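Trainee: dropping the sequence and predicted coords here.
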Number of protein chains: 2
Amino acid sequence: MKNAMEGIVAHILKEHVHHLYLPCTCVECQQDVAALALNQLPPHYVRSTEGEAYIRAKYMEDQEKAVVLGALAKAAIKVSENTSHQ
Amino acid sequence: MKNAMEGIVAHILKEHVHHLYLPCTCVECQQDVAALALNQLPPHYVRSTEGEAYIRAKYMEDQEKAVVLGALAKAAIKVSENTSHQ
């Protein structure tokens, strides 16, 4: 059982990490951004690889990718304002 | 990084598994119920054990436990109607 959104957010974050105006793009900061973004997005728990593939295909449509990018951008602002390391 | 709700849902499902009118309480059916319930509940991704403890404490209040139980009950109805195994 896993939340298919975790893989989707990681994929789109990797694609756009240098577009998010993050002062720091270290693994810690990227994980903070991913966690905050995931908390804004509806979870999609799946129990099979077919289930995950279905959700991933749905989220590869431009409109859904834009929703995820929007959540990442909001999360990046919060992390930029409050970086968890010095 | 993990969704603190996974542990909370598992804990409350364990407490109430025999109260949910499930025709079958095998591990498969319980995982199906947990996944469907998690998809109804706001995710709480955390990046530390302190973060997880904070969310768990919040969800140990009666009102929050009732919200999780409600999601489990709805999920149990769906799983009862559509058991993933014969």
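Mentor: That came through fine. Numbers count the residues shown, from 1 in each chain, chains lettered A, B, ... in the order given.

Trainee: ok, the nearest residue to A:Ala10 once chain neighbours are set aside to A:Val68 distance?
Mentor: Among residues not flanking A:Ala10 along the chain, A:Ala34 sits closest, at 6.3 Å (Cβ to Cβ, 6 or more residues apart in numbering or on different chains). Glycine gets a C-beta too; all of them are placed from N, C-alpha and C. Separation of A:Ala34 from A:Val68 (Cβ to Cβ, to the nearest Å) stands at 10 Å.

Trainee: show me what contacts the residue nearest to A:Ala10?
Mentor: Applying Cβ atoms under 8 Å, 6 or more residues apart in numbering or on different chains to A:Ala34 gives the contacts A:Glu6, A:Val9, A:Ala10, A:Leu13, A:Leu72, A:Ala75, B:Met1, B:Tyr45.

Trainee: which ones among the residues you listed are found in helices?
Mentor: A:Glu6, A:Val9, A:Ala10, A:Leu13, A:Leu72, A:Ala75 (DSSP state H).

Trainee: can I get those in a markdown table with pLDDT?
Mentor: A markdown table is the format used below for those (pLDDT from 0 to 100):
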| residue | pLDDT |
| --- | --- |
| A:Glu6 | 97 |
| A:Val9 | 98 |
| A:Ala10 | 97 |
| A:Leu13 | 98 |
| A:Leu72 | 98 |
| A:Ala75 | 97 |
